[in-house]
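In: Kindly return the folded structure for what I paste below:
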Amino acid sequence: MEATSDWQIGKSLSDRMKYMLNNQLMCDVTFNVGADKTPIMAHKNMLASASPVFYSMFEGPLAEKGTVDIADIEPEYFNMILQFIYTDTITVDSNNVRNLLYGSEKYMLQLLKDECCAFLTSNVNVDQACVVLQTAYDFNMEDLKTKVLNFIFENGSGFLDSKDFLQFSAGCLKSLLNSDKLRCKEENIYEQMLKWGQQKCKENSLPATDVNVRECLGDLLYLIRFPVMRPQYFTEEVSCKDLLTSTEIIKVYQHFNEKTTDIFPSNKRSFKIKIERCQVNKTSSWSCGGPDDCVDFKTSLNAKLFSIFLFGSKTYSGTYNVKINIVCSSFIVGTTQTTFMSSAGQEVYEIMLTLPVNILRNKQYTIQLNCTGPLTFSGKSYIQNITNEEGLSINFLPPSLQSQNGTSEVKGQIQGLVFDS
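Out: So this is what the prediction gives:
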């Protein structure tokens, strides 16, 4: 391809290299890329300077002669890799990250792998957690794997509902199901594993019978903690299927009657328990001008207080300043001081405590909230005594500290609490 006159003048090194690549000036190697063997030309010295693999390919007694076939990378992504080698710049996104990671590993391009890792790390959220974890698992990205596992362990119930959960490999699922930190009810895990097994049946052109689902689950079946399920749920949803053998079903029932099973894990996972003390009243508002809002509570069981739910605003998008103290017997036993960004119309926000607070059964605690910002939603139909299905009872009581902004056991801010079982 003919070059524009004086294309070197006033250009940076990366601009000149990119120009030579894009216009195929003085190229000395041709790659046949992808299934269609698309010809792509480049410069041996540039590739060798970036990659030990390319250096070995072009230098020494076993150096490649003539064209080089690359069947395992599509032209679109090979061109992206070349652009990065020539310019040190690239735009990584969810559509290209796996292919770029594959290329970075194949050609030992550590800087490209770092770019991909940075993109994945910035996308550790409920929507993308499954994809990021599987990618980290496939490409042995241990630091990223640890980060996304910790995120999933804190947000287990959210990631279970992701459509990408069904695309997990068995090995990736094993790393999740083995952990006591997965914050999910075992019933929810079981239901999603059933869907995963049914999906594998479909991929293998098998009818999704209980027997075939069991076969597809393989050893993963023995990571589901049937003994910690509610007995009624196990009876109605599990024992009536052919997923477990008669011996396995008997073993689970024996565990319900205090005879430990030697087939399935029986230690309970930790998970969040969300307690909502009221509904959102969309037609009224609550002032957040600065005075404290307080309410007291007791629990029937020992637990850890993880976070507090506060009302959002109907019309305001912007910042609220929040300070929360958890007080017991005149001592502050937990706290957080933070800001949160409100989006107009979002009803509630979860505010994490700096550290979870150990709550002792039948001991009275005060939530002392100071929130400054525009008017928020308020609540209605406040409930003073709440018992959830795990047997945790919460009793909301009149505040023992001065609640200058008017919150009490029957009105005000503090829509709910989240406990860590």
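In: Spit out the contact partners of Arg277.
Out: Shown in contact with Arg277 (CB atoms under 8 Å, 6 or more residues apart in numbering): 379, 382-384, 386, 394, 396, 414-417. (C-beta placed from N, C-alpha, C; glycine too.)
In: Select only the buried ones of these in PyMOL?
Out: Selecting only the buried entries of the contacts of Arg277 in PyMOL, with 16 or more other CB atoms under 10 Å as the criterion:
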select buried, resi 379+382+386+394+396+414+415+416+417
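In: and the contacts of Arg277, which two are the farthest apart?
Out: Gly379 and Ile394 (15.3 Å; CB to CB).
In: got the contact list for Leu111?
Out: Applying CB under 8 Å, 6+ apart to Leu111 gives the contacts 84, 88.
In: helix or strand right after the host helix or strand of it?
Out: According to DSSP states H and E, Leu111 maps onto helix 110-121. Using DSSP H and E, the next helix or strand after helix 110-121 towards the C-terminus is helix 129-138.
In: Check which helices and strands the helix or strand following that following helix is in contact with.
Out: Per DSSP H and E, the first helix or strand lying C-terminal to helix 129-138 is helix 142-154. On a contact count with 3 or more CB pairs under 8 Å, 6 or more residues apart in numbering; DSSP states H and E, helix 142-154 meets helix 110-121, helix 129-138, helix 170-177.
In: backbone phi and psi for the closest residue to Pro231 other than its chain neighbours, please?
Out: Of all residues not flanking Pro231 in the chain, Phe256 sits nearest, at 5.0 Å (CB to CB, 6 or more residues apart in numbering). Phi and psi for Phe256, reported as degrees, to the nearest 10, are phi -60, psi -20.
In: which residues in this protein form helices?
Out: 13-22, 44-50, 52-58, 75-87, 97-106, 110-121, 129-138, 142-154, 156-160, 170-177, 186-203, 210-217, 231-233, 246-256 (DSSP state H).
In: which one of the ones you listed has the most crowded surroundings?
Out: helix 129-138 (a mean of 22; mean count of other CB atoms under 10 Å).
In: Can you list the helices and strands that that helix packs against?
Out: Secondary elements touching helix 129-138 (3+ CB pairs under 8 Å, 6+ apart): helix 97-106, helix 110-121, helix 142-154, helix 170-177.
In: With respect to these, which exhibits the lowest mean confidence?
Out: Between the helices and strands packed on helix 129-138, the lowest average pLDDT goes to helix 142-154, which shows a mean of 87.
In: Next, the angle helix 129-138 makes with that one.
Out: Inter-element angle recorded for helix 142-154 and helix 129-138: 150 degrees (by axes from the mean of the first three to the mean of the last three CA atoms, to 10 degrees).
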